[in-house]
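Student: Model the following, please.
(one chain, ligands or ions: 1)
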Amino acid sequence: MKIVIIGANGTIGQSVAKRLEQEGHELIKVGKSSGQYQVNIEDAKSVAELYRKIGSFDAVVNASGDLAFAPFADITQAQWELGLSSKLMGQVNLVQQALPYIREKGSFTLVSGVLSDEPIFAGVAATMVNKALEGFVQAVAFELPKGLRINLVSPTVLEESLPAYGAFFKGFTPTNGARVADAYLRSVAGIQTGRIYVVNG
Ligand SMILES: NC(=O)c1ccc[n+]([C@@H]2O[C@H](COP(=O)([O-])OP(=O)(O)OC[C@H]3O[C@@H](n4cnc5c(N)ncnc54)[C@H](OP(=O)(O)O)[C@@H]3O)[C@@H](O)[C@H]2O)c1
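Tutor: Below is the predicted model of the structure:
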């Protein structure tokens, strides 16, 4: 399959790209500043332009989307907006703008995270956005044309990310990139749609 992978050079993206390449898929690697193509997922026009340049493809796999961590009492408008415009609407943009280009029976794989089910201090925006992504995937699965499928991978914190995020996740057993990549592969290669693949440690 020809697969567009957004965030291919990130922590999750690198593991997912390696796994999909091992399976023999052709990858189009995309980042904000890295990769074969660049895109800003927050901007629907930028996403449409990316797909126009690539042409047709069989799957979109996303491993990007930012949000802010801050105590609820202190979170700023800009911090709310980051999660909404990047992690939430960025992924909606990746799905909606792909519809003219993705082939029949193609698939989308998006990413949320453990905070949808397990809130932590300073994680209100993350829980809110991850829950919204679950709702999006569960609802849009019924409306996608062309026999398209969509699933959401919801990993706990990765071992590889503990230096950056470990302080937020005290007592959480981490997973790793290879296990997260399995969930992405299950979404791309399987038959299911509207599913949330939780990856625990
Ligand atoms: N790491 C974890 O433990 C963990 C656990 C659960 C969920 N998640 C979620 O998984 C996703 C990826 O996490 P990660 O840790 O792998 O992130 P990461 O290492 O920071 O990598 C992010 C990737 O996304 C790209 N990117 C960032 N903003 C973008 C934008 N506006 N438009 C297009 N591409 C953009 C970056 O491009 P460049 O390469 O050009 O910089 C980079 O390749 C995030 O949504 C995160 O919340 C992560």
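Student: tell me which element Val129 is part of?
Tutor: Assessed by DSSP states H and E, Val129 sits inside helix 124-140.
Student: Check which element follows that helix along the chain.
Tutor: Later in the chain than helix 124-140, the nearest helix or strand by DSSP H and E is strand 149-155.
Student: touching the ligand at all, that next one?
Tutor: Yes: using C-beta under 6 Å from any ligand atom, strand 149-155 comes into contact with the ligand via Pro155. C-beta coordinates here come from the backbone N, C-alpha and C atoms, glycine included.
Student: what comes into contact with that strand?
Tutor: The list of residues contacting strand 149-155 from outside it, by C-beta atoms under 8 Å, 6 or more residues apart in numbering, reads 12, 95, 105-114, 116-117, 130, 133-134, 137, 140-141, 144, 175, 179-180, 183-184, 186-187, 191-199.
Student: Could you list which of those residues also contact the ligand?
Tutor: Of the entries in the contacts of strand 149-155, the ones placed beside the ligand under the rule of C-beta under 6 Å from any ligand atom are Ile12, Val111, Gly113.
Student: these two touch, right, the second one and Ile12?
Tutor: Yes: between Val111 and Ile12 there is a contact under C-beta atoms under 8 Å: 6.8 Å.
Student: Spell out which residues belonging to the protein are near the ligand, please.
Tutor: Applying the criterion C-beta under 6 Å from any ligand atom, the portion of the chain that neighbours the ligand consists of 6-7, 9-13, 31-34, 39-42, 63-66, 86-87, 90, 111, 113, 155, 157-158, 161, 165.
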